[in-house]
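Asks: Can you look at this prediction? I've put the sequence above it.
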Amino acid sequence: MTVAPSTVIVDMDGVLYRGTEAIPGADEALNRLEQAGHQVVFVTNNSTRTTKQVAAKLKEVVGYEAAPEQIVTSATAAVALLPENASRCMVVGGDGIREAVLGAGIQMTEDPIQASCVVVGLDRDFDYNTLDRAASAIRGGATFIATNRDPTFPTSDGLKPGAGSIVAAIEVASGVSPLGAGKPEKPTRDLIHALGVSTAWVIGDRVDTDIALAAHDPEWTSILVMTGVTAEDDDTGDADHVVPDVSAAVDLVLAREDER
């Protein structure tokens, strides 16, 4: 009996690239998975880009051409948490969140009184006035949704503050804890399963998101790579496998699949 290849779920920041620099061998690794017949799904907690923009960055930086349908972002996952009766939403974040909210048929507003929800992700223009408006809306009853709570993300210049730092500021100012959308939360897992994923490998660089995502499904096996946020002396015990980079991760996947 021929066994179909497993799906490979791949994180992006810190796995395939850091900022605008590709991780060496990332393009070849992805091509090897594709040639072996694996379904490759890209899952990122970065909410700044639309799925089309993510695909464009993959092609530009890594040299790999992916379809937007292969990409799951924390912004697209956040749609599942929008209130059914929501009419207007305040967005603290980038194009990815805005497109997802508008695609759900909800208009955007910066007025705390009109906002029935506040969706928060990475916002490089975040300032005190934005914090004030978002916290006021949430204290007034708006649903607080965090696309993700990643404290940092890796770039070619080192670690930068992530969406989690902005979420934390709004949480403190409003006194309300948010609903979570990104890895390892259920909205992201649901989107992955909706793509027909059952048995899967999960390749990522962060224990509390990527490795935790795999831990939620007994059919998923995690591989931690050391090219992103995880340092050599960090606790990596929850990962099923720890390898130097995505090329080594793909070596492992292909070797284990050959043993099936």
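Replies: Nice, thanks for sending it over. Numbering: from 1, shown residues only.

Asks: can we go C-alpha only for contacts and neighbour counts from here?
Replies: OK.

Asks: pLDDT weak spots in the stretch 151-260 of the chain?
Replies: Regions of the stretch 151-260 of the chain meeting the criterion pLDDT under 70 cover residues 258-260.

Asks: State whether Glu65 is indeed within a helix.
Replies: No: for Glu65, which was evaluated using DSSP: H, G, I helix; E, B strand; the rest coil, the result is coil, with no helix membership.

Asks: That one touches Leu58, doesn't it?
Replies: Yes: with contact defined as CA atoms under 8 Å, Glu65 and Leu58 form a contacting pair (6.7 Å).

Asks: starting at the chain centroid, how far to stretch 190-202?
Replies: Its chain's average C-alpha position is 14 Å from that of stretch 190-202, according to CA atoms, centre = their mean, to the nearest Å.

Asks: Show the end-to-end separation of that stretch, please.
Replies: Taking CA to CA, to the nearest Å as the measure, stretch 190-202 stretches 15 Å from start to finish.

Asks: same check, this time on stretch 152-172
Replies: 18 Å.

Asks: Provide a list of residues in contact with Thr147.
Replies: By CA atoms under 8 Å, 6 or more residues apart in numbering, the contact set of Thr147 is 45, 47, 74-75, 77-78, 119-121, 163, 180-182.

Asks: quick one: which of the residues you listed sit in helices?
Replies: When the contacts of Thr147 are checked against helices using DSSP state H, the ones located there are 74-75, 77-78, 163.

Asks: list the contacts for Ser247?
Replies: Under the criterion of CA under 8 Å, 6+ apart, the neighbours of Ser247 are 25-26, 28-29.

Asks: same thing but 7 Å
Replies: By CA atoms under 7 Å, 6 or more residues apart in numbering, the residues touching Ser247 are 25-26, 29.

Asks: In helices, which of the residues you listed fall?
Replies: Secondary-structure check on the contacts of Ser247 using DSSP H: residues within helices are 26, 29.

Asks: Buried subset of the contacts of Ser247, written for ChimeraX?
Replies: Those of these that count as buried under 16 or more other CA atoms under 10 Å are selected in ChimeraX with:
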select :26,29
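
Asks: Can you tell me which of the contacts of Ser247 is closest to Gly103?
Replies: Sorting the contacts of Ser247 by distance to Gly103 puts Ala26 at the head of the list, at 31.8 Å, by CA to CA.
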